[in-house]
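[1] dropping a prediction and its sequence here:
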Amino acid sequence: MKKVLALVIATMMFMTFFMTYGFADDLITVKSDISDVTTNNKYFVISGNGQPDTYVELILNDDLNDKWVIGDTGLFAKLITLALGDNYVTLKAVKDGQVQVIKGHIVLQSNNGIIQITVDTLEGLWNKLFK
């Protein structure tokens, strides 16, 4: 009985959240490919379009990188600087109580053509070079 009651309460809270905030699929459209991209350039442009007056946050590796409101043209382009390795991008768009979240993953293989290797010991260097 307790499990059923907990499930009913959780379902009601979940439905209230979506009815209050709502989620939208079409506030913004990202034209840049940000889904599992591999690059050697530490600079990357995220561009797209969206509904005017939409508030957008660009989060890079869990840190707020930029925020803006889409203007009358509906276009946007933002330059980000990638860290070596995995980079996780999240764009959160909000307008009139609707929310849209777009996530991406970009891997920087080398930094401007120079491969960087971080090691703590000679054994670590040996393992990086020969395994």
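    In hand now; what should we look at?
[2] spatially nearest residue to Ala93 (excluding sequence neighbours)?
    Leu27 (4.0 Å; CB to CB, 6 or more residues apart in numbering). Heads up, the C-betas are built off the backbone N, CA and C, glycines and all.
[3] list the contacts for the one you found?
    Leu27 makes contacts with Gly50, Gln51, Thr54, Ala93, Val94, Lys95, Gln98, Gln100, as judged by CB atoms under 8 Å, 6 or more residues apart in numbering.
[4] repeat for Val101
    If you count contacts by CB under 8 Å, 6+ apart, Val101 has them with Phe23, Thr90, Leu91, Lys92, Ala93.
[5] if we use 10 Å, what do you get?
    Shown in contact with Val101 (CB atoms under 10 Å, 6 or more residues apart in numbering): Phe23, Ala24, Leu27, Glu57, Ile59, Thr90, Leu91, Lys92, Ala93, Val94.
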